[in-house]
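**Q** after the sequence you'll find the predicted model.
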Amino acid sequence: KRRQFKTLSEEQETLLLDYPTHQERLFPLLAKSYALTFALETLRHKFVESAALDDKREVEALAAGLKSYASWHAIDTIQECREACGGKGYLAENELPDLKADTDIFATFEGDNHVLLQLLAKSILTDFKQEFSDGGFMAVARHILHRVKTEWVDANPFSTRNTDSEHLLSADFQREALQYRAKKLLFTLSDRLRSFLGKKLNPNEVFLRTQTHMVTLAMAHVEWFINEEFLKYIESQPNSSEKTALQTMQQVFVLDAIYRDRGWYLENDYLSGEKSKAIRKVLAKLYRQLRPQAHAYVEAFGIPAVLRNAEIVG
């Protein structure tokens, strides 16, 4: 509801959310909040189900990744909202400074986020190794098949350059893009580890050389998991306006994730420069579609009025 910058031709100031810059800053954060809702609900169910199990490693690793992703998201979102409201957002009466102070600790509370992501990466590597130990020939065959598919995508100019909006908005492209990144990072990390160990490097030296790679793999895995859970929920729902609204949120979440990491995709020839530009244009169009329903999307969180005390929202 915040307004600013009245022009001579206007009777009242423009709503901040009508500015494309604010839509580009805030709508991806809103979409990520929706996406995290379903991933965290899945984690809750897995936690309950794991109570009877001796091995809780999978749940602990997933919790580590989601905790890191969600807490960083909260910190970034509050900061962006604070800046989006200008000087008013800094006033104590508008509560954003209190929220910032309360959530900042979670980047390190219950484990530093970077350390937790390394824990998740080690779990992914352990599962990868276990798959070969348990699966024998079939595991090797599956690995080779994944490698062939990855190499085919690398060498497929049509897929790399396809800028059609229907293609970019399809769940198939979005799923494949996130899965491709997670799989390729896993393959390249395992190759580097094997190479370093083959050179008889000290295990601690190997860890230091691959630490940033491990964090990147973990983040890619978390985003892939979040998108999968979001899509599973959407696909389980009957056709309705609510389902359509959630599909738009999911599209914003995943296309923003791909566009933010466009440097990696461009380096690995998964995207062309033209396709990267096309994703940016599709996102801008989605923001324009979201704008009329922005209030409804926020109301859907069901936050009680008693908790919305900021003067700025009045």
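**A** All right, it came through fine. Numbering: from 1, shown residues only.
**Q** of all residues in this protein, which one is nearest the centre?
**A** When Cα atoms, centre = their mean is applied to the chain, the residue found nearest the centroid is Glu223 (4.1 Å).
**Q** which residues in this protein form strands?
**A** Listed in chain order, the strands of the chain (DSSP state E) span 3-4, 14-15.
**Q** any idea which of those strands scores lowest on pLDDT?
**A** Here the lowest mean pLDDT among those goes to strand 3-4, at a mean of 69.
**Q** what's the spacing between the residue nearest to the centre of the chain and Glu242?
**A** 24 Å (Cβ to Cβ, to the nearest Å). Every C-beta, even on glycine, is put in place using the N, C-alpha and C of the backbone.
**Q** how about Ser159?
**A** Separation of Ser159 from Glu242 (Cβ to Cβ) stands at 32 Å.
**Q** comparing these two, which residue is more hemmed in?
**A** Legend: neighbour count by other Cβ atoms under 10 Å for Ser159 and Glu242, higher for Ser159 (18 against 13).
**Q** confidence score at Ser50?
**A** pLDDT, Ser50: 84.
**Q** ok, it - contacts?
**A** Applying Cβ atoms under 8 Å, 6 or more residues apart in numbering, we find Ser50 in contact with Lys56, Glu58, Val59.
**Q** for Val298, same thing?
**A** Residues near Val298 by Cβ under 8 Å, 6+ apart: Leu30.
**Q** so which residues of the stretch 201-314 of the chain form helices?
**A** For the stretch 201-314 of the chain, the helices defined by DSSP state H, counting those that start in this stretch occupy 203-235, 241-260, 262-267, 273-290, 294-299.
**Q** for Thr163, what are phi and psi?
**A** According to degrees, to the nearest 10, the main-chain angles of Thr163 amount to phi -110, psi 10.
**Q** which residue is the nearest non-sequential neighbour of it?
**A** Ala278 (3.7 Å; Cβ to Cβ, 6 or more residues apart in numbering).
**Q** what's the separation between that neighbour and Met214?
**A** From Ala278 to Met214 the distance is 32 Å (Cβ to Cβ).
**Q** so for these two, which residue has more residues nearby?
**A** Set Ala278 next to Met214 and count neighbours by other Cβ under 10 Å: Met214 wins out with 22 against 19.
**Q** hang on, that one packs against Leu189?
**A** Yes: using Cβ atoms under 8 Å, Met214 is in contact with Leu189, at 6.6 Å.
**Q** got any residues that touch both of those two?
**A** In contact with both Met214 and Leu189: Ala121, using Cβ under 8 Å, 6+ apart.
**Q** residue contacts, Ile234?
**A** Lys243, Leu246, Gln247, Gln250.
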